[in-house]
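> All I have is the shape, not the residue letters:
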Ligand SMILES: O=C[C@H](O)COP(=O)(O)O
(Lines give C-alpha, C1' and ligand atoms only; values in the text may rest on other atoms or scores of the structure.)
Protein backbone atom coordinates (compact mmCIF):
# COMPACT_ATOMS: atom_id res chain seq x y z
CA UNK A 1 0.00 0.00 0.00
CA UNK A 2 1.42 3.39 -1.01
CA UNK A 3 2.04 6.15 1.49
CA UNK A 4 -0.05 9.31 1.47
CA UNK A 5 1.78 12.62 1.91
CA UNK A 6 0.80 15.86 3.61
CA UNK A 7 3.11 18.84 3.71
CA UNK A 8 3.33 22.57 3.89
CA UNK A 9 5.72 25.28 2.80
CA UNK A 10 5.78 28.14 5.31
CA UNK A 11 7.20 30.49 2.64
CA UNK A 12 8.44 33.79 4.19
CA UNK A 13 5.86 34.03 6.95
CA UNK A 14 6.83 32.49 10.29
CA UNK A 15 9.78 33.65 12.41
CA UNK A 16 11.80 31.31 14.63
CA UNK A 17 9.47 31.28 17.64
CA UNK A 18 6.34 31.06 15.49
CA UNK A 19 7.85 28.10 13.62
CA UNK A 20 8.79 26.28 16.82
CA UNK A 21 5.32 26.84 18.29
CA UNK A 22 3.72 25.73 15.03
CA UNK A 23 5.76 22.53 14.83
CA UNK A 24 5.18 21.58 18.46
CA UNK A 25 1.44 22.03 18.05
CA UNK A 26 1.39 20.13 14.75
CA UNK A 27 3.42 17.24 16.18
CA UNK A 28 1.14 17.11 19.19
CA UNK A 29 -2.08 17.29 17.16
CA UNK A 30 -0.90 14.56 14.78
CA UNK A 31 0.66 12.27 17.40
CA UNK A 32 -1.84 9.52 16.52
CA UNK A 33 -1.02 9.60 12.80
CA UNK A 34 0.37 6.28 11.54
CA UNK A 35 3.70 7.38 10.07
CA UNK A 36 4.11 4.11 8.20
CA UNK A 37 1.06 5.02 6.16
CA UNK A 38 1.06 8.83 6.24
CA UNK A 39 4.08 11.09 5.78
CA UNK A 40 4.03 14.61 7.16
CA UNK A 41 6.53 17.34 6.26
CA UNK A 42 7.03 21.05 6.89
CA UNK A 43 9.33 23.44 5.04
CA UNK A 44 10.18 26.46 7.24
CA UNK A 45 12.33 29.47 6.40
CA UNK A 46 16.11 29.01 6.60
CA UNK A 47 16.49 31.04 9.79
CA UNK A 48 13.96 28.86 11.61
CA UNK A 49 15.58 25.54 10.64
CA UNK A 50 17.92 25.18 13.65
CA UNK A 51 15.06 25.85 16.10
CA UNK A 52 12.81 23.57 14.08
CA UNK A 53 15.18 20.58 14.24
CA UNK A 54 15.53 21.01 18.01
CA UNK A 55 11.80 21.34 18.68
CA UNK A 56 10.44 18.11 17.17
CA UNK A 57 11.50 14.65 16.03
CA UNK A 58 11.68 14.19 12.28
CA UNK A 59 10.12 10.79 12.79
CA UNK A 60 6.99 12.82 13.40
CA UNK A 61 7.46 15.66 10.93
CA UNK A 62 10.12 15.68 8.21
CA UNK A 63 11.78 19.08 7.91
CA UNK A 64 12.78 20.60 4.61
CA UNK A 65 14.54 23.64 3.18
CA UNK A 66 12.86 25.94 0.66
CA UNK A 67 15.83 26.06 -1.71
CA UNK A 68 19.45 24.93 -1.97
CA UNK A 69 22.58 25.80 -3.94
CA UNK A 70 23.74 23.36 -6.63
CA UNK A 71 27.32 23.36 -5.30
CA UNK A 72 28.61 22.13 -1.96
CA UNK A 73 30.77 25.24 -1.45
CA UNK A 74 32.18 28.15 -3.40
CA UNK A 75 31.74 31.76 -4.41
CA UNK A 76 27.95 31.82 -4.20
CA UNK A 77 27.11 34.78 -1.98
CA UNK A 78 23.70 34.49 -0.38
CA UNK A 79 23.26 30.80 -1.17
CA UNK A 80 22.93 27.85 1.23
CA UNK A 81 24.84 24.67 0.50
CA UNK A 82 23.67 21.07 0.92
CA UNK A 83 26.45 20.53 3.45
CA UNK A 84 25.08 23.38 5.59
CA UNK A 85 21.61 21.85 5.49
CA UNK A 86 23.03 18.43 6.29
CA UNK A 87 24.81 19.97 9.29
CA UNK A 88 21.42 21.13 10.56
CA UNK A 89 19.93 17.65 10.17
CA UNK A 90 17.55 18.62 7.38
CA UNK A 91 16.19 15.68 5.38
CA UNK A 92 14.35 17.27 2.46
CA UNK A 93 14.99 20.08 -0.01
CA UNK A 94 12.34 21.72 -2.14
CA UNK A 95 13.53 22.66 -5.61
CA UNK A 96 11.84 24.79 -8.25
CA UNK A 97 8.89 26.16 -6.31
CA UNK A 98 6.78 28.34 -8.58
CA UNK A 99 7.92 31.46 -6.71
CA UNK A 100 11.58 30.54 -7.32
CA UNK A 101 10.90 29.97 -11.02
CA UNK A 102 8.72 33.00 -11.64
CA UNK A 103 9.93 35.68 -9.21
CA UNK A 104 13.61 34.70 -9.18
CA UNK A 105 13.69 33.41 -12.77
CA UNK A 106 15.24 30.03 -12.00
CA UNK A 107 15.45 27.82 -15.07
CA UNK A 108 14.88 24.10 -15.59
CA UNK A 109 18.61 23.65 -16.07
CA UNK A 110 19.33 25.30 -12.73
CA UNK A 111 16.65 23.22 -11.01
CA UNK A 112 18.26 20.14 -12.57
CA UNK A 113 21.67 21.01 -11.11
CA UNK A 114 20.04 21.41 -7.69
CA UNK A 115 18.12 18.13 -8.02
CA UNK A 116 21.34 16.28 -8.90
CA UNK A 117 23.17 17.92 -5.99
CA UNK A 118 20.31 17.16 -3.58
CA UNK A 119 20.19 13.49 -4.53
CA UNK A 120 23.96 13.22 -4.36
CA UNK A 121 23.89 14.62 -0.83
CA UNK A 122 21.23 12.19 0.34
CA UNK A 123 18.21 14.49 0.58
CA UNK A 124 14.66 13.75 -0.39
CA UNK A 125 14.20 16.18 -3.29
CA UNK A 126 10.75 17.71 -3.70
CA UNK A 127 10.72 19.00 -7.26
CA UNK A 128 7.89 21.45 -7.95
CA UNK A 129 6.45 21.76 -11.43
CA UNK A 130 3.42 23.45 -12.92
CA UNK A 131 2.07 25.23 -15.95
CA UNK A 132 1.20 28.94 -16.14
CA UNK A 133 -2.21 30.28 -17.01
CA UNK A 134 -0.86 31.13 -20.48
CA UNK A 135 0.42 27.57 -20.96
CA UNK A 136 -3.05 26.34 -20.05
CA UNK A 137 -4.80 28.80 -22.39
CA UNK A 138 -2.42 27.86 -25.22
CA UNK A 139 -3.17 24.16 -24.67
CA UNK A 140 0.43 23.19 -23.92
CA UNK A 141 0.13 22.25 -20.22
CA UNK A 142 1.03 18.59 -20.74
CA UNK A 143 4.07 19.49 -22.85
CA UNK A 144 5.24 22.01 -20.24
CA UNK A 145 4.90 19.49 -17.41
CA UNK A 146 6.74 16.84 -19.40
CA UNK A 147 9.49 19.30 -20.27
CA UNK A 148 9.92 20.40 -16.64
CA UNK A 149 10.18 16.75 -15.60
CA UNK A 150 12.50 15.61 -18.38
CA UNK A 151 14.82 18.60 -17.93
CA UNK A 152 14.56 18.73 -14.15
CA UNK A 153 15.32 15.03 -13.67
CA UNK A 154 17.99 14.70 -16.35
CA UNK A 155 20.91 12.60 -15.12
CA UNK A 156 19.08 11.08 -12.13
CA UNK A 157 19.57 7.31 -12.08
CA UNK A 158 16.53 5.06 -12.06
CA UNK A 159 17.70 3.57 -8.78
CA UNK A 160 17.51 7.04 -7.21
CA UNK A 161 13.87 7.63 -8.22
CA UNK A 162 12.81 6.84 -4.65
CA UNK A 163 14.61 9.99 -3.47
CA UNK A 164 12.42 12.21 -5.65
CA UNK A 165 9.00 13.58 -4.74
CA UNK A 166 7.03 15.72 -7.20
CA UNK A 167 4.69 18.57 -6.29
CA UNK A 168 2.34 19.48 -9.12
CA UNK A 169 1.37 23.10 -8.52
CA UNK A 170 -0.31 24.90 -11.40
CA UNK A 171 0.99 28.48 -11.22
CA UNK A 172 -2.52 29.85 -11.68
CA UNK A 173 -3.73 27.92 -8.63
CA UNK A 174 -1.19 29.17 -6.10
CA UNK A 175 -1.64 31.86 -3.47
CA UNK A 176 -4.22 34.52 -2.60
CA UNK A 177 -5.09 35.17 -6.25
CA UNK A 178 -5.05 31.48 -7.15
CA UNK A 179 -8.03 29.42 -8.22
CA UNK A 180 -7.80 25.77 -7.14
CA UNK A 181 -7.65 23.16 -9.89
CA UNK A 182 -10.72 20.93 -10.04
CA UNK A 183 -10.12 17.39 -8.85
CA UNK A 184 -10.69 16.11 -12.40
CA UNK A 185 -8.14 18.51 -13.87
CA UNK A 186 -5.57 17.80 -11.14
CA UNK A 187 -6.01 14.04 -11.51
CA UNK A 188 -5.58 14.24 -15.30
CA UNK A 189 -2.34 16.20 -14.92
CA UNK A 190 -1.07 13.78 -12.27
CA UNK A 191 -1.69 10.98 -14.78
CA UNK A 192 0.43 12.83 -17.36
CA UNK A 193 3.15 13.25 -14.74
CA UNK A 194 3.02 9.58 -13.69
CA UNK A 195 3.29 8.44 -17.31
CA UNK A 196 6.27 10.72 -17.86
CA UNK A 197 7.98 9.43 -14.69
CA UNK A 198 7.52 5.87 -15.95
CA UNK A 199 9.14 6.90 -19.25
CA UNK A 200 12.07 8.47 -17.40
CA UNK A 201 12.61 5.87 -14.68
CA UNK A 202 10.91 2.74 -16.03
CA UNK A 203 9.15 0.83 -13.25
CA UNK A 204 11.10 2.86 -10.67
CA UNK A 205 8.85 5.76 -11.67
CA UNK A 206 6.21 4.19 -9.43
CA UNK A 207 8.43 5.02 -6.43
CA UNK A 208 7.92 8.77 -6.91
CA UNK A 209 4.96 10.27 -5.02
CA UNK A 210 3.08 13.05 -6.81
CA UNK A 211 1.48 15.67 -4.55
CA UNK A 212 -1.05 18.30 -5.57
CA UNK A 213 -0.57 21.91 -4.42
CA UNK A 214 -2.35 25.19 -5.18
CA UNK A 215 -5.17 26.57 -3.02
CA UNK A 216 -5.81 23.28 -1.25
CA UNK A 217 -8.34 24.05 1.48
CA UNK A 218 -10.77 22.22 3.80
CA UNK A 219 -13.46 22.39 1.10
CA UNK A 220 -11.51 20.71 -1.72
CA UNK A 221 -8.98 18.52 0.14
CA UNK A 222 -11.31 15.52 0.45
CA UNK A 223 -12.21 15.40 -3.22
CA UNK A 224 -8.57 15.84 -4.28
CA UNK A 225 -7.13 13.14 -2.03
CA UNK A 226 -9.44 10.39 -3.30
CA UNK A 227 -8.29 10.87 -6.91
CA UNK A 228 -6.39 7.77 -8.06
CA UNK A 229 -3.32 9.62 -9.33
CA UNK A 230 -2.97 12.00 -6.36
CA UNK A 231 -0.60 10.71 -3.66
CA UNK A 232 -0.72 13.64 -1.30
CA UNK A 233 -1.44 17.31 -0.69
CA UNK A 234 1.04 20.17 -0.54
CA UNK A 235 -0.76 22.94 1.29
CA UNK A 236 0.06 26.61 1.74
CA UNK A 237 -2.28 29.04 3.47
CA UNK A 238 -4.70 26.41 4.76
CA UNK A 239 -1.89 24.71 6.67
CA UNK A 240 -0.38 27.65 8.50
CA UNK A 241 -2.56 27.19 11.56
CA UNK A 242 -1.29 23.90 12.99
CA UNK A 243 -4.61 22.79 14.52
CA UNK A 244 -6.48 23.54 11.30
CA UNK A 245 -3.86 21.67 9.25
CA UNK A 246 -4.14 18.65 11.55
CA UNK A 247 -7.92 18.79 11.18
CA UNK A 248 -7.61 18.93 7.38
CA UNK A 249 -5.27 15.92 7.47
CA UNK A 250 -7.55 13.81 9.67
CA UNK A 251 -10.65 14.78 7.67
CA UNK A 252 -9.03 13.75 4.39
CA UNK A 253 -7.73 10.50 5.86
CA UNK A 254 -11.22 9.75 7.11
CA UNK A 255 -12.59 10.42 3.62
CA UNK A 256 -9.86 8.32 2.04
CA UNK A 257 -10.36 5.39 4.34
CA UNK A 258 -14.11 5.45 3.77
CA UNK A 259 -13.70 5.59 0.02
CA UNK A 260 -13.33 2.67 -2.36
CA UNK A 261 -9.85 3.90 -3.26
CA UNK A 262 -8.41 2.61 -0.01
CA UNK A 263 -9.05 -0.96 -1.14
CA UNK A 264 -7.44 -0.40 -4.49
CA UNK A 265 -3.99 -2.01 -4.51
CA UNK A 266 -2.58 1.01 -6.35
CA UNK A 267 -3.17 3.16 -3.24
O1 LIG B 1 4.00 25.83 -1.52
C2 LIG B 1 2.79 25.82 -1.46
C3 LIG B 1 2.00 26.32 -2.53
O4 LIG B 1 2.58 27.41 -3.14
C5 LIG B 1 0.53 26.42 -2.29
O6 LIG B 1 0.15 27.60 -1.63
P7 LIG B 1 -1.40 27.90 -1.39
O8 LIG B 1 -2.01 26.65 -0.81
O9 LIG B 1 -1.41 29.03 -0.42
O10 LIG B 1 -1.99 28.23 -2.73
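It's in. Small disclaimer: the values here were computed from a predicted structure and weren't measured.
> mind listing the strands for the stretch 1-150 of the chain?
Counting by DSSP state E, counting those that start in this stretch, one finds strands in the stretch 1-150 of the chain at the ranges 4-9, 38-43, 62-65, 92-95, 124-129.
> cool, and the stretch 151-267 of the chain?
164-168, 210-213, 232-235.
> Excluding chain neighbours, give the residue nearest to the residue of the stretch 101-250 of the chain found nearest the ligand in space.
At 2.2 Å from the ligand, residue 236 is the closest residue in the stretch 101-250 of the chain, using CB to the nearest ligand atom. From N, CA and C alone the C-beta is placed, and that goes for glycine too. Of all residues beyond its chain neighbours, the one nearest residue 236 is residue 9 (6.2 Å), with distances taken as CB to CB, 6 or more residues apart in numbering.
> For the one you found, give me its contacts.
Neighbouring residues of residue 9 by CB atoms under 8 Å, 6 or more residues apart in numbering: 43, 66, 94, 97, 234, 236.
> The same query, at a cut-off of 10 Å, please.
41-45, 64, 66, 94, 97, 99, 126, 128, 167, 169, 213, 234-236, 239-240 (CB atoms under 10 Å, 6 or more residues apart in numbering).
> list the contacts for residue 180?
Residue 180 neighbours (CB under 10 Å, 6+ apart): 170, 172-174, 186, 212-217, 219-221, 224.
> now do 6 Å
By CB atoms under 6 Å, 6 or more residues apart in numbering, the residues touching residue 180 are 173, 215, 220.
> for it, phi and psi?
phi -60, psi 140 (degrees, to the nearest 10).
> Model confidence for residue 261, exactly?
In this model, residue 261 is scored at 49, pLDDT.
> cool, residue 266 as well?
49.
> cool, and residue 2?
83.
> In this structure, which residue sits furthest out from the middle?
In the chain, counting by CA atoms, centre = their mean, residue 75 sits farthest out from the average C-alpha position, at 28.8 Å.
> phi, psi of the residue of the stretch 101-250 of the chain closest to the ligand?
Here is the backbone geometry of residue 236 (degrees, to the nearest 10): phi -100, psi -110.
> Look up how far residue 109 lies from the residue nearest to residue 236.
23 Å (CB to CB, to the nearest Å).
> Quick check: beta-bridge partners of the spatially most central residue of the chain?
Residue closest to the average C-alpha location in the chain (CA atoms, centre = their mean): residue 167, at 4.4 Å. Beta-bridge partners for residue 167, by DSSP bridges, are residue 128, residue 211.
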